[in-house]
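Undergrad: Fold the following.
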Amino acid sequence: MDKFSKLKEVVAGIEADAAKFYDGGNAAAGTRVRKAMQDLKVLAQEIRAEVTEKKNSDK
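TA: Residues are numbered from 1 along each chain as shown. Prediction:
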């Protein structure tokens, strides 16, 4: 559950940068959004592995 909380924190953290990029055209904010999205991808994959492991160990 810790990784899921971290995922939510990352999403909340990039909200301002996403607004700066999409509404203001700030290219640096776009770079930060892309990096955060990559971090989200890694976290999501780790969560998927955790869930699969837990699901299979309960059988």
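Undergrad: Excluding chain neighbours, what is closest to the residue minimising distance to the centre of the chain?
TA: By C-alpha atoms, centre = their mean, the chain has its centre lying nearest to residue 40, at 2.4 Å. In space, and not counting its chain neighbours, residue 40 is closest to residue 10: 5.6 Å by C-beta to C-beta, 6 or more residues apart in numbering. (Each C-beta comes from the backbone N, C-alpha and C, glycine too.)
Undergrad: quick one: secondary structure of the one you found?
TA: State at residue 10, reduced to three classes by DSSP: H, G, I helix; E, B strand; the rest coil: helix.
Undergrad: Any idea how many residues pack against it?
TA: 14 (other C-beta atoms under 10 Å).
Undergrad: Residue 33 now?
TA: Neighbour number of residue 33 under other C-beta under 10 Å is 20.
Undergrad: any idea how far residue 53 is from the residue nearest to residue 40?
TA: Noted for residue 10: a distance of 22 Å to residue 53, by C-beta to C-beta, to the nearest Å.
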